[in-house]
Structure formats: structure tokens, C-alpha cells
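# no sequence on hand, only this structure:
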């Protein structure tokens, strides 16, 4: 590792994993933490519970489709949801810069409360700190969450032939943040996909015996999640060119900005690996939700000599998808 921590260490790719494994895992070493899933899952008197925590430092604080408050609530709910849990209780801590507008703070808290009501969860504890001007950039939020594991969900070994489903269009959150941050004026209805995914996981929980793993593609986007899954399975992942749901507007603006939507964060999407013979049935079940109208099967695990993630076009050409190892867009969540 380098002698100083740089922005790239927070982008969710290669350097984030390096920081986690070489310092955090080494110091906090325990089986629950180093399993590397989105929530800590542990046994309780009846069944299992999940516990997760996250911090939010997005810039700008308000953006089309959401704000830092909605993002904080949805982000924690989603980490619990992809762990097979029903979110129940949240904590919320604020670190606020001196001079931050009271009205803006109230808008953020109201947004959080609205999302809690929609998601049927409660913020039951928290903390507030105010620091000197310049100590933080406006406001930072930390949320933690507890939920109960439903239908005895657990991660299962991925096998060759298993399919990958994504619940909707990708890249919308990261692209929206980029446009707002740099005040780029373009035509189109660009809006973050920020939303809870619990409705999705709740709808498909009857299929948990056939679902191998679920992930939410935040920092590092779809490409980074695919690489993580390939590494976990020790198998290659073949994506089909054109199968990944992405709007023309998002694809076009990323080309103009020199960014890759496959690496752009989503904040309301679900990626799941499903047993081959059940993938179509799970997909059709998901499509009953408006949130999943663009859901698609995007790839398959294959048993190849050298495990890798790649996109194959109609001519058999392959584009290798590497883990994110350079700075894309910092502070997107």
C-alpha cells in the first residue's frame, strides 16, 4: 500500500479491497467480518439476524431522484435486503459542519423519515456532532441497520451455468451525480435510481433456495460486482453484448464524459445469481414490479481455464472487464 490514503481508495475497486484486507480485516479479524458480505449475519435465539453499517458523503447533497438522507436510508436497507434480511431498525448519526443551513438539514431529515415510512423501518437511536467550519464538507451521515433473515436465506456455492440477473437499468445514480456536480447541462431526464430493493427481495424470497447470492452494485458498479462474483466462484462470467439494461441517454452521456457506465454506481438495483433452470421464472416474478420492468438476465458462469469476466459480442469478440483500479467518480454515496 501507498504511504497516504488517496481518493481512489474510496472508489469501491481494487484499492478499496486492498485497504479493507490489509488494514481493516487485519486489525478487526473475525469470521463474521471477513466473510465479506454486505451485512454481518449471526445467530440469535430464534433464527438469524443481520447487522450492517455505512457512511454517506455524497456531493452534491441534493440531486434529481434523491438526496444524502434518502441515500443513507436506502443504502442501509439495501445492504440488509441483499443479505436476505427484512430491515427493522436503523441508527442514524450526523456530523454537521458549523454554518450548515438549518432548512437544508430539516429537508434531509424529512427525506429520511419519508423513506423510513415507505420502507416500514424505524430510526431508533442516533447521535449528532457539529464540527468547526471546514471540518467536514457540509454534512456526513452514518446509518446502521438490523434485520431478521427470512426463509433461512444463505449464500450458496456458485456453479457453472448459473445465471446473473440485474433488476433494472444501470449507471443512473453515478451519471446523475456527475452531471449535477460539474453542472453539465444536457437534454434528457437524468435521475438517480436511489430506492429500496426490499420490495424486490421480499417478492422473490420463495426462490431463496435457488438464489446463490445477491449484491447491490454501488461503488464500482456492475463491472466490479461481476469481478467479485467471478473471484468468489473461481469461474468465468460471460456477459452478452446488448444484454445489460442501460438507457441510450446514460450510455451517450458517459461517452461524452469519457466514463464507463458499467463502473458507475447504482443505488436502487439488485444483482443476483440464480440456478440456471430457475432464472427465467425468477426474472418473470421480478418483472411484476414496476421497479423491475427493465430487469434482464445479463450473463452466465462458465468453467474456463482462466477465470475472468468479459462481454462477448455477436462476432465472438471479447472485452475483458477488469476490477476498477483507477479513479472514476469519488463521493458518489
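Cool, the structure landed. None of the values given here were measured: they were computed from a predicted structure.
# what stretches of the stretch 101-250 of the chain score poorly on pLDDT?
For the stretch 101-250 of the chain, applying pLDDT under 70 flags no range at all.
# what do you get if the cut-off is 90, keeping everything else the same?
185-189, 240-242 (pLDDT under 90).
# which stretches in it count as strands?
122-131, 139-149, 163-166, 211-215, 236-240 (DSSP state E, counting those that start in this stretch).
# how about those strands in JSON lines, adding distance to residue 175 and mean neighbour count?
In this view, the C-beta of every residue, glycine as well, is placed from N, C-alpha and C. Formatted as JSON lines, these follow (distance: least, C-beta to C-beta, whole Å; neighbours: other C-beta atoms under 10 Å):
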{"stretch": "strand 122-131", "distance to residue 175": "30", "mean neighbour count": "12"}
{"stretch": "strand 139-149", "distance to residue 175": "22", "mean neighbour count": "22"}
{"stretch": "strand 163-166", "distance to residue 175": "16", "mean neighbour count": "24"}
{"stretch": "strand 211-215", "distance to residue 175": "20", "mean neighbour count": "24"}
{"stretch": "strand 236-240", "distance to residue 175": "20", "mean neighbour count": "20"}
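# so which of these is nearest residue 71?
strand 139-149 (8.4 Å; C-beta to C-beta).
# and that closest one, which strands flank it?
strand 48-56 (antiparallel), strand 85-97 (antiparallel) (DSSP bridges).
# can I get these in TSV with distance to residue 202, mean neighbour count and mean pLDDT?
Output for these, formatted as TSV (distance: least, C-beta to C-beta, whole Å; neighbours: other C-beta atoms under 10 Å; pLDDT from 0 to 100):
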stretch	distance to residue 202	mean neighbour count	mean pLDDT
strand 48-56	14	19	96
strand 85-97	7	20	95
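# do you know which of these lies nearest residue 104?
strand 85-97 (10.0 Å).
# how about the strands paired with strand 139-149 in TSV, adding distance to residue 268?
What follows is the strands paired with strand 139-149, written out as TSV (distance: least, C-beta to C-beta, whole Å):
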stretch	distance to residue 268
strand 48-56	15
strand 85-97	15
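# figure out which of these is closest to residue 290.
Distance to residue 290, taken as C-beta to C-beta, is lowest for strand 85-97 among the strands paired with strand 139-149, at 20.5 Å.
# angle of that closest one against strand 122-131?
Interaxial angle of strand 85-97 relative to strand 122-131 (axes from the mean of the first three to the mean of the last three C-alpha atoms, to 10 degrees): 20 degrees.
# distance between strand 85-97 and the chain's centre?
17 Å (C-alpha atoms, centre = their mean, to the nearest Å).
# returning to what we had before: so which of the strands of the stretch 101-250 of the chain comes closest to residue 330?
Judging the strands of the stretch 101-250 of the chain by C-beta to C-beta, what sits closest to residue 330 is strand 139-149, at 14.0 Å.
# let's have the strands of the stretch 101-250 of the chain in JSON lines, adding distance to residue 333.
Supplementary listing: these in JSON lines, determined by distance: least, C-beta to C-beta, whole Å:
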{"stretch": "strand 122-131", "distance to residue 333": "19"}
{"stretch": "strand 139-149", "distance to residue 333": "11"}
{"stretch": "strand 163-166", "distance to residue 333": "18"}
{"stretch": "strand 211-215", "distance to residue 333": "15"}
{"stretch": "strand 236-240", "distance to residue 333": "24"}
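# out of those, flag the one nearest residue 246.
The nearest among the strands of the stretch 101-250 of the chain, by C-beta to C-beta, is strand 163-166 at 9.8 Å.
# pull the residues that contact the closest one.
Under the criterion C-beta atoms under 8 Å, 6 or more residues apart in numbering, residues 217, 222, 226, 229, 237, 239, 244-245, 269-276, 279, 282-283, 286, 295-301 lie in contact with strand 163-166.
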